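Trainee: The following block contains a protein sequence and its predicted model.
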Amino acid sequence: MLKVQSFVGNTLTTNLVTKKSLVEINRADCSICCDPFNGQKYQIIHTQVKEGSESNPHYFHLNCLGGWFKEADRKNCPVCRADLTDMSARLEILENAPCNVLKKANENLLTYQQTGEESYLNAACLAVYNVMENGSEQITQEAKLLKPFIDYEQAQRNLSTYCETGDDGALHTAWHLAYSALDHGSPLMKTKAQQLMGSMPRC
């Protein structure tokens with residue numbers, strides 16, 4: 001089953017799509033990036049209904065349509081230019097929901113691990129703290145599972161800063177974060193944190 005956010009005009013419905021309909025959707029491409037859906041979990045269908053004719057569905061990835069709305073503050077359909085002001089507002093709420101913020105934190109952490117760009121690690125950290133403060137009990141627990149991974153990466157970063165600059169504050173921060181990863185992480189993370197602490201100078 002596939003969860004689809006569907007708009008007819010400006011009316012939002014959420015549907016669990018049957019396998020038969022799923023085949024039809026998966027044959028479609030996103031009208032913005034032109035990539036196929038291939039069973040991706042979240043999609044949006046905007047259906048432009050014209051009087052006296054059959055409905056004409058337009059398919060989008062959630063992130064693609066959200067990006068379209070943000071660029072130049074657009075509020076219309078990329079295909080038919082129908083007014084989608086209400087959809088834009090709803091997508092902004094959906095994008096800022098704790099579950100999606102946490103998903104983005106995961107993506108930013110992975111991007112940091114692949115690129116070393118500190119801005120992604122900082123974004124992941126802020127997102128996790130945001131979810132822990134504002135999310136439901138379940139999503140908060142999920143954020144707490146992710147936090148030790150972020151603490152470990154930040155500990156490594158601060159240790160590198162200390163080695164490059166001799167900044168004692170960075171070393172203190174590295175120890176604090178390493179202990180946090182050790183206390184709250186999985187068994188594998190505890191092992192990694194212990195190994196990192198074994199390589200760190202004493203404060």
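Mentor: All right, it came through fine. Residues are numbered from 1 along each chain as shown.
Trainee: Can you give me the neighbour number for Phe69?
Mentor: By other C-beta atoms under 10 Å, 20 other residues sit near Phe69. To be clear about C-beta, it is placed using only N, CA and C from the backbone, and glycine gets the same treatment.
Trainee: you'd agree it is up against Lys75?
Mentor: Yes: between Phe69 and Lys75 there is a contact under C-beta atoms under 8 Å: 6.6 Å.
Trainee: Quick check: which element contains the spatially closest residue to Lys147 that is not a sequence neighbour?
Mentor: Leaving aside its sequence neighbours, Lys147 sits nearest to Val128 (C-beta to C-beta, 6 or more residues apart in numbering; 5.4 Å). For Val128, the host element (DSSP states H and E) is helix 118-134.
Trainee: residues in contact with that helix?
Mentor: 98, 101-102, 104-106, 108-109, 111-112, 139-140, 142-144, 146-147, 150, 153-154, 157 (C-beta atoms under 8 Å, 6 or more residues apart in numbering).
Trainee: Please repeat the previous calculation with a cut-off of 7 Å.
Mentor: 98, 101-102, 104-105, 108-109, 111-112, 139-140, 143-144, 146-147, 150, 153-154, 157 (C-beta atoms under 7 Å, 6 or more residues apart in numbering).
Trainee: Domains of the protein: list them as residue ranges, please.
Mentor: 2-95, 98-194 (automatic domain parsing).
Trainee: which ones are touching Ala174?
Mentor: Ala155, Asn158, Leu159, Tyr162, Met200.
Trainee: Pick the one among those residues closest to Gly185.
Mentor: If you rank the contacts of Ala174 by distance to Gly185 using C-beta to C-beta, Ala155 comes first, at 11.2 Å.
Trainee: in the chain, which spans are helices?
Mentor: In the chain, the segments counted as helices under DSSP state H are 19-26, 62-70, 85-95, 98-115, 118-134, 137-165, 168-184, 187-198.
Trainee: So which of these is nearest Ile32?
Mentor: helix 62-70 (4.0 Å).
Trainee: Now do the closest one against helix 98-115: the angle between them, please.
Mentor: 100 degrees (axes from the mean of the first three to the mean of the last three C-alpha atoms, to 10 degrees).
Trainee: For the residue nearest to Lys147, grab the count of nearby residues.
Mentor: 27.
Trainee: any weak-confidence spans in this structure?
Mentor: Scanning the chain for pLDDT under 70 picks out the ranges 1-28, 37-57, 72, 86-98.
Trainee: what about 50?
Mentor: For the chain, the stretches with pLDDT under 50 are 1-23, 41, 49-53.
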